[in-house]
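[1] turn this into a model:
(2 chains)
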2 protein chains.
Amino acid sequence: MRAGAGMIPRMERLLATYHITAAPQDIEARAQALALEQSVEMPEAAIMRDEIRASTLGRVQSIAARDAQTFEVTLSLAASTTGHETGQLMNMLFGNCSLQPDVRLVDVDLPPSLLAAFPGPRFGLEGIRQRLEAPERALTCTALKPQGLDVGSLAALCGTFAEAGIDIIKDDHGIANQEYSPFAARVKACQRAVRAATSRTGRRCFYAPSLSGPPDQLRAQLALAAEEGVEMVLAAPMLMGLPVFQQLAREIFPGPVLAHPALTGALGIAPPLFLGRLFRLFGADAVIFPNFGGRFSFSLEHCHALVKAAREPWSHLRPALPVPAGGMSVERVPEMIAAYGKHCMLLIGGNLLSAREALPARSREFVTAVETASRGEHR
Amino acid sequence: MRAGAGMIPRMERLLATYHITAAPQDIEARAQALALEQSVEMPEAAIMRDEIRASTLGRVQSIAARDAQTFEVTLSLAASTTGHETGQLMNMLFGNCSLQPDVRLVDVDLPPSLLAAFPGPRFGLEGIRQRLEAPERALTCTALKPQGLDVGSLAALCGTFAEAGIDIIKDDHGIANQEYSPFAARVKACQRAVRAATSRTGRRCFYAPSLSGPPDQLRAQLALAAEEGVEMVLAAPMLMGLPVFQQLAREIFPGPVLAHPALTGALGIAPPLFLGRLFRLFGADAVIFPNFGGRFSFSLEHCHALVKAAREPWSHLRPALPVPAGGMSVERVPEMIAAYGKHCMLLIGGNLLSAREALPARSREFVTAVETASRGEHR
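    Okay, here's the model as predicted:
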């Protein structure tokens, strides 16, 4: 939350939009039940006070058929019920109804008094560009893999990728604080390797270590990263907890945060909303998402909606950098840039490593492919 | 994690079981792809080191058809990849594949060295019984509702419920730290009201306030609750973050923790596993879950499996108290006790409040119904 955010006027509303599977004759009752579930969580007849009925009770704002079995239902909920809090906002939007398989959360519209509680990305797309001194072209990202490698091997990979001119080298999201590559030793070695390479190439390159653990450990990791001169960190908001994500990096770490979508699926929140809008709201400077045509069955339409949500103007919130990933290859770079434009960062991991001994050349090929495709792109 | 937990031997494995929707001719390749996704996250051919292939690579342990379209697939994953951490365990089990709609996580089997890292419930079912001085019968629980009420009204409700002899009075899970009933003022007033009532009745009764916010706020709330003599707290692990849940209460608060299922999702992780086993593993003393025949479409079979998972012997982990809730009524009490036996706590909220002016009598009816049904039950 933003310190000093004002009171939320008691009558101010937020809008939450759901897709509900129901028969046409049932949808009105179903929508009303959802409005109760996500607000007073009791029968309306049991509410003793008229002012609660007027202020706190959820209301059905609209119902529109999408097809014979699915409806788009917008509820209006009292913004004051969120108490300005990340977790409680999620609770109001989708806490109980995440347990109902006929409901998906697809959109939210927050009033200015509530939005004001969330500062959003500190750097975002433009801030990352500035720090990388790459104002125009699409950006490149790769991952240290596989988990299980020792610190020396990971640092050697860092050196190879940095030499090749890749912008961001992130830990694979499965690399945490395991005995075979503990965070502190890994960060020191990888950061040193990147620095040695960039002093030769003269290009900027950031190593983004993966954070893990409960809050105390996260604090220690962020402090160590800052001390070692790390410029970016990787965090999985749903693994650490959304309120932790929203607050922690902001307090301790002076650079951008790259958000990973682990454990966001299967909850019933549409990815364009969750990864594109909510992660941005909670402060993600860059957002990794599963690319279409990869191994995650995301449609092109979903990906476009997600990228739009991450980048489009939205109150005071800086645009976040979209990072398509998953089953991508160097050969698909022109297709990706054509799909998303230049204002994105392409993440290719396994496809580079599949080159094995030819990894340095393959990595340079990736960098060149992105530069070339960016030149032909004006969006 | 348990302090001083030992190293996890590099070759020790955990088992994760999934239900996968696939055509019979595709299932073997799909299972292999999942084993890569949840371990090295890259093509096997790209792995340069044989020792990584032997230690870190996920393996398909078994594939069994469930029906023409669904298969039960068990993967063996290296236990060392979890690094003993709650978030990273979830990441290994379901981080990326939560984004794949054809996969559900349904069971896990953790080796002793990994289990040893999780102390589990500090009190559990038996500890809560002892503190309530109710060694035999089923327990009763209700909720303060609706959110939006001021502190005085919530405290008055507390008094009414405590007078009626209800065991646990929890905040509705939508009550957080809102301006109209802030945590500190609420806890003081509700705790005072419960104490005044129990000094008249001579029965034990606990008020369980709902925790919310980022870690610093949670710490302050837990410290205040302890200071005020609060005996139990309510926490939603997925709203605050699983690692926060696992660590925080344990460090600061001396009483049991009641876990709420908000944001745990409908389908991705089977509820018997998530709420019954994993919440218990992470330290929940009692676990609220949506009852069958209520408004959450949980089947009786699911509920039975969940209750079994919460209570059955499992290594050193104390049994957790199962708390069926949602759309329950006083009239259904005998059915619930017949379904779950006596070793549970029934949570009825809205159905009591629907009695409006007759709330005190209706609450006593609930207490009596549970006592009566418990006498006839020997499980």
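[2] from now on I want contacts and neighbour counts done on CA atoms only, so please keep to that.
    Fine.
[3] now do the lowest-mean-pLDDT helix or strand in chain A against helix B:242-252, angle only.
    Across the helices and strands of chain A, mean pLDDT, DSSP states H and E gives its lowest value to helix A:242-252, namely a mean of 89. Per axes from the mean of the first three to the mean of the last three CA atoms, to 10 degrees, the angle that helix A:242-252 makes with helix B:242-252 is 80 degrees.
[4] tell me which residues are up against helix A:242-252.
    A:1, A:85-87, A:215, A:218-219, A:222-223, A:235-237, A:257, A:282-283, B:213-215, B:239-241 (CA atoms under 8 Å, 6 or more residues apart in numbering or on different chains).
[5] how much space between the closest residue to chain B within chain A and A:Phe282?
    Closest to chain B within chain A is A:Gly241: 3.4 Å, counting by CA to the nearest CA. The gap separating A:Gly241 from A:Phe282 is 11 Å, by CA to CA, to the nearest Å.
[6] pick out whichever of the two has more residues nearby.
    A:Gly241 (26 against 22; other CA atoms under 10 Å in any protein chain shown).
[7] near chain B, which residues of the stretch 201-350 of chain A show up?
    With CA under 8 Å from any CA of the partner chain as the criterion, the stretch 201-350 of chain A meets chain B at residues A:212-215, A:238-244, A:247, A:261-268, A:296-297, A:349-350.
[8] the residues you listed in helices, which ones?
    A:215, A:238-240, A:242-244, A:247, A:350 (DSSP state H).
[9] just give me the closest of these to A:Leu278.
    Set against A:Leu278, the nearest of those by CA to CA is A:Leu242 (9.8 Å).
[10] that closest one: neighbouring residues, count only.
    23.
[11] and A:Glu301, by the same measure?
    For A:Glu301, the neighbour count with other CA under 10 Å is 10.
[12] would it count as being in a strand?
    No - A:Glu301 sits outside any strand when classified using DSSP: H, G, I helix; E, B strand; the rest coil, being helix.
[13] so A:Leu57 makes contact with A:Thr81?
    No - applying CA atoms under 8 Å as the test, A:Leu57 and A:Thr81 come out as separate, 10.1 Å apart.
[14] between the two, which is the more surrounded one?
    A:Thr81 (28 against 24).
[15] not counting its neighbours along the chain, what's nearest that one?
    B:Gln178 (6.2 Å; CA to CA, 6 or more residues apart in numbering or on different chains).
[16] how far away is that neighbour from B:Ala78?
    B:Gln178 is 44 Å from B:Ala78, where distance means CA to CA.
[17] show me which of these two is the more surrounded one.
    Taking other CA under 10 Å, B:Gln178 and B:Ala78 do not tie; B:Ala78 has more neighbours (24 against 21).
[18] show me what contacts that one?
    Neighbouring residues of B:Ala78 by CA under 8 Å, 6+ apart: B:10-14, B:55-58.
[19] so which of the ones in helices among the residues of the stretch 201-350 of chain A next to chain B is the most crowded?
    When neighbours are counted by other CA under 10 Å, A:Leu239 leads those with 30 neighbours.
[20] list the residues that contact that one.
    A:Leu239 touches A:262-263, B:87-88, B:90-91, B:241-243, counting by CA under 8 Å, 6+ apart.
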